[in-house]
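Enquirer: my questions concern the predicted model and sequence given below.
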Amino acid sequence: MTSPDHPTVIIRPRHGWVALSLVDLWRYRELLFILAWRDIKVRYKQTFLGVLWAVIQPFVAMVVFSIFFGKLAKMPSDGIPYPVFVYCGLLPWQLFARAMTESAGSVTGNQALITKVFFPRILIPFSTVLPGLVDFFIALAILGGLMAYFGIAPSLQIILVLPFLVLALVIALGVGLWFSALNVKYR
C-alpha cells in the first residue's frame with residue numbers, strides 16, 4: 001500500500017536505558033518554542049495580575065524573610081542590606097522550584113496532546129521550564145532597582161549568574177523529568 005509519494009513510517013518504542021536523542025530535540029526545536037510560547041501567553045494573558053505576579057511573589061517573600069530573619073532573628077547578612085541579601089537568594093530558588101514543579105506535572109497535564117501527535121515526549125517538560133525564565137528576568141530587573149536603591153554596585157562576579165542559572169535549570173529539569181515519569185507511572 002505504500003507508494004513513492006506516501007512512504008510508510010514505522011514508529012517503534014525504545015526499550016531500556018536509551019540515550020537522549022539530541023538530534024530529535026534539534027529537529028523539533030520549533031515545537032519546543034511554540035509550546036513554551038503557549039505557556040507564556042497563558043500565564044500572562046489570562047491572569048488578573050499578569051506580569052505583576054512575577055514581581056509580587058518574590059517581593060512579598062523578601063519582606064516576610066527580612067522581617068522574620070533580619071529584624072526578629074537578627075540573622076547576619078555580611079554587611080549587605082537584608083532585603084537585597086534575601087532577594088538574591090529567592091530569585092534562583094523560585095526559578096528552580098517553579099521549573100521542577102511545572103516539569104513534574106507537564107506530561108500528565110498535556111495528555112491530550114501526547115496521545116494525538118507524535119513528537120519527542122521530552123519536549124513537554126523542556127517547554128515548561130522556559131517560561132520560568134521570563135519570571136526570573138522580570139524579577140532580576142527588580143533586583144537591579146533594589147540594588148540601586150540601596151547603593152550597591154554589581155561586581156565582576158555578576159558574570160557567574162549565567163552558569164549558575166544554567167546549572168539550576170539543568171538540575172530542576174533532571175529532577176522534573178524523573179518526577180514526570182513517576183507521575184505518569186504511579187498517578
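Expert: Ah, there it is.

Enquirer: can I get the lowest-mean-pLDDT helix or strand in the chain as CSV, trimmed to CA atoms?
Expert: Within the chain, confidence by mean pLDDT, DSSP states H and E is lowest for helix 22-27 among all helices and strands, at a mean of 80. Provided in CSV are the C-alpha atoms of helix 22-27 (Å, rounded to 0.1, in the frame of the first residue of the first chain):
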residue,chain,number,x,y,z
LEU,A,22,19.7,15.3,20.8
VAL,A,23,19.0,15.1,17.0
ASP,A,24,15.3,14.7,17.7
LEU,A,25,15.4,17.6,20.1
TRP,A,26,17.1,19.8,17.5
ARG,A,27,14.7,18.6,14.8
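
Enquirer: next secondary structure after it?
Expert: Counting by DSSP states H and E, the next helix or strand C-terminal to helix 22-27 is helix 29-45.

Enquirer: other SSEs contacting that following helix?
Expert: The contact analysis (3 or more Cβ pairs under 8 Å, 6 or more residues apart in numbering; DSSP states H and E) places helix 29-45 against helix 123-149. For the C-beta atoms, the positions are set from N, CA and C on the backbone; glycine is no exception.

Enquirer: just checking, what packs against the helix it packs on?
Expert: Packed against helix 123-149 by the contact rule (3+ Cβ pairs under 8 Å, 6+ apart) you find helix 29-45, helix 51-65, helix 82-104, helix 106-109, helix 161-186.

Enquirer: check which element follows the fourth one along the chain.
Expert: Helices and strands here follow DSSP H and E; after helix 106-109, the next one along the chain is helix 111-116.

Enquirer: show me what counts as buried in stretch 106-118.
Expert: Within stretch 106-118, the residues that count as buried by 16 or more other Cβ atoms under 10 Å are 106-107, 110, 114.

Enquirer: now those residues in CSV, with pLDDT and distance to residue 145?
Expert: Shown next, in CSV, are those (pLDDT from 0 to 100; distance: Cβ to Cβ, whole Å):
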residue, pLDDT, distance to residue 145
106, 87, 32
107, 85, 38
110, 83, 36
114, 80, 41
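
Enquirer: let me have these in CSV, adding distance to residue 160 as columns.
Expert: What follows is the buried residues of stretch 106-118, written out as CSV (distance: Cβ to Cβ, whole Å):
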residue, distance to residue 160
106, 29
107, 33
110, 34
114, 38
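
Enquirer: would a markdown table of the helices and strands packed on helix 123-149 with distance to residue 11 be doable?
Expert: What follows is the helices and strands packed on helix 123-149, written out as a markdown table (distance: least, Cβ to Cβ, whole Å):
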| stretch | distance to residue 11 |
| --- | --- |
| helix 29-45 | 16 |
| helix 51-65 | 39 |
| helix 82-104 | 24 |
| helix 106-109 | 18 |
| helix 161-186 | 19 |
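
Enquirer: much appreciated, bye for now.
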